[in-house]
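*Asks:* pasting the sequence and the predicted coordinates here, then a few questions.
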Amino acid sequence: MLRNDLKEKVKNFKVEIPSWGFSDSGTRFKVFHIPGAAKNIFERIEDAEQVEKYTKAVSAVAIHIPWDKVDDWKHLKKFAEDKGLKIGAVNPNLFQDEDYKFGSLTNLDEKKRSKAIDHVLECIDIMKSVDSKILSLWLPDGTDYPGQGDFAKRQELLIDSLKKIYSALEKDMTLLIEYKFFEPAFYHTDTADWGIAYALSKDLGDKAKVIIDLGHHAQGTNIEYIVSILSSRGKLGGFHFNSRKYADDDLTVGSVNLYELFLIFVELNKFFDLSSDKKPALVIDQSAAMKPKVQAMIQSVEALQIAYLKSLLVDVKSLKEAQLNNDIVMAEEIIKDAFLTDVRSILKEAREEMGLDPDALNAFRQSDYESIVAKKRG
Ligand code: PSV
Ligand code: MN
């Protein structure tokens, strides 16, 4: 692809950033305070505006309910729009209410199950108010010990609950089902992997798809292969991008697994034009507990832009030829050649052409935003 075409592609490549990525977070051992970390959705949107200001790569801000709950959704929508931002995916929270101790959408207690369903329905109402088209559902339900639950019964309850949720979706809304193999449950999880999420989305219908979180697989799982399988079956709905070394570490994108990230984009390009609107939801889901939040988000956006640019460099024609000839060595060299190409100057030029500082991270670091919010927010 020519340099100018690459620049156009990356200029039109947009990702969604998570409101929750701007607030204090941590592990089960400790939540450390980052000076100036956002404390409510308005401050989170102010931070998101900074990421957009320096990258022009933000399509929307994903929200999490009730963390981001406000009284006046229209006001929030306007607040975001005034900053050039949209509200993106709405994420229900089925993991922090006492009533969900033994399950939410799979709880044996009808009342508690209904409460969970109602919460998700409330999220669909919020989507209508903020004009969001994506309901992004992660289900923590599972069990800790053999014998604790009946797998099949729980699946039955889950499908039943999901059907109620699905029927409340409007025509142009999508339900994304997120899987994760363990945590908080340690013995079994009701939506443990892409196979279960795929089956559920098939049972529900066209408006249901699967979302892949890069931290939600066992070590060694070939995620790019999952990307291909789901895409070819029309069921890849989106991503939660982050990075990990061990489990669901929620580190900044590309920090540990750059080659994997690149290979995921190579697969995506076979099915989608990621510089267009017709693509899976590309959302960052990180917590970056130890890093200054806005800087961490700019790093992640940039990692995605770089992985995307590199993936566009794969010589598809030669690769096909090598595959036809069973020339494994050449096939691999073609892939590696793209990965090892330094594309940073292309991104810099693209930024300059968009009227931005070519070095987004440094430009933000030179600004006084962090010290201002540290004083203002306490
Ligand atoms: C669960 O680990 C998850 O990936 C889900 O997407 C949640 O919504 C998010 O993390 C909460 O941070
Ligand atoms: Mn996630």
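*Replies:* Structure's in. What do you need? Ligands and ions are numbered 1, 2, ... in the order given.
*Asks:* burial count for the residue nearest to residue 327 when sequence neighbours are not counted?
*Replies:* Leaving aside its chain neighbours, residue 327 sits nearest to residue 321 (7.9 Å; criterion: CB to CB, 6 or more residues apart in numbering). In this view, the C-beta of every residue, glycine as well, is placed from N, C-alpha and C. The number of residues packed near residue 321 is 14, by other CB atoms under 10 Å.
*Asks:* quick one: contacts for the closest residue to ligand 1 within the stretch 1-150 of the chain?
*Replies:* Taking CB to the nearest ligand atom, ligand 1 has its nearest neighbour within the stretch 1-150 of the chain at residue 138, 3.7 Å off. By CB atoms under 8 Å, 6 or more residues apart in numbering, the contact set of residue 138 is 91, 94-95, 178, 180, 191, 213.
*Asks:* keep those, but drop any that are not near ligand 2.
*Replies:* residue 213 (CB under 5 Å from the ion).
*Asks:* which of the contacts of residue 138 are close to ligand 1?
*Replies:* On the criterion CB under 6 Å from any ligand atom, 91, 178, 180, 213 are the entries of those that sit beside ligand 1.
*Asks:* from residue 142, how far out is the third one?
*Replies:* This means residue 180. Using CB to CB, to the nearest Å, we find residue 180 at a distance of 9 Å from residue 142.
*Asks:* just the buried subset of the contacts of residue 138, please.
*Replies:* 91, 94, 178, 180, 191, 213 (16 or more other CB atoms under 10 Å).
*Asks:* ok, which pair from those is furthest apart?
*Replies:* 94 and 213 (15.4 Å; CB to CB).
*Asks:* pretty sure residue 237 sits against residue 207.
*Replies:* No. In this structure, residue 237 is not within contact of residue 207 by CB atoms under 8 Å, at 9.6 Å.
*Asks:* neighbour count for these two, which is higher?
*Replies:* Higher neighbour count among residue 237 and residue 207: residue 237, with 23 against 16, using other CB under 10 Å.
*Asks:* helix or strand: which one has the residue most central in space within the chain?
*Replies:* Taking CA atoms, centre = their mean as the criterion, residue 240 is the residue nearest the geometric centre of the chain, at 2.2 Å. Residue 240 is located in strand 236-241, with elements delineated by DSSP states H and E.
*Asks:* same question, residue 171
*Replies:* Counting by DSSP H and E, residue 171 is found in no helix or strand.
*Asks:* what comes up buried for stretch 156-170?
*Replies:* 157-159, 161-162, 165-166, 169.
*Asks:* how much space separates residue 373 from residue 95?
*Replies:* From residue 373 to residue 95 the distance is 29 Å (CB to CB).
*Asks:* scratch that, residue 85 is what I was asking about
*Replies:* Following CB to CB, the distance that separates residue 85 from residue 95 is 26 Å.
*Asks:* for the longest strand along the chain, packing partners?
*Replies:* If you go by DSSP state E, the chain has its longest strand at strand 58-65. The contact analysis (3 or more CB pairs under 8 Å, 6 or more residues apart in numbering; DSSP states H and E) places strand 58-65 against strand 15-18, helix 41-55, strand 87-92, helix 110-130.
*Asks:* after the longest one, which helix or strand is next? Please name it.
*Replies:* Following helix 110-130 in sequence order, the next helix or strand is strand 134-138 (DSSP H and E).
*Asks:* right, and the helix or strand after that next one?
*Replies:* strand 142-143.
*Asks:* same for that following strand, what does it pack against?
*Replies:* Partner elements for strand 142-143 (3+ CB pairs under 8 Å, 6+ apart): strand 188-189.
*Asks:* what about the strand it packs on, near ligand 1?
*Replies:* No. Counting by CB under 6 Å from any ligand atom, ligand 1 has no neighbours in strand 188-189; the shortest distance is 10.8 Å.
*Asks:* what does this protein put close to ligand 2?
*Replies:* Checking the chain against ligand 2 by CB under 5 Å from the ion, the hits are 213, 240, 285.
*Asks:* and these, which is closest to residue 307?
*Replies:* The nearest one, if we look at the residues of the chain next to ligand 2 relative to residue 307 and count by CB to CB, is residue 240, at 15.1 Å.
*Asks:* which bits of the protein sit near ligand 1?
*Replies:* 20, 91, 138, 178, 180, 213, 240, 248, 285.
*Asks:* please redo it, this time with the cut-off set to 8 Å
*Replies:* By CB under 8 Å from any ligand atom, the part of the chain that sits against ligand 1 consists of 18, 20, 25, 64, 91, 93, 95, 136, 138, 140, 178, 180, 183, 213, 215-216, 240, 242, 248, 250, 285, 287.
*Asks:* how about the helices in the stretch 201-350 of the chain?
*Replies:* Along the stretch 201-350 of the chain, counting by DSSP state H, counting those that start in this stretch, helices occupy 223-232, 258-271, 293-312, 316-324, 328-340, 344-353.
*Asks:* so which elements touch the longest one?
*Replies:* Of the remaining helices and strands, those touching helix 293-312 by 3+ CB pairs under 8 Å, 6+ apart are helix 3-11, strand 15-18, helix 41-55, helix 258-271, strand 281-284, helix 328-340, helix 344-353, helix 360-366.
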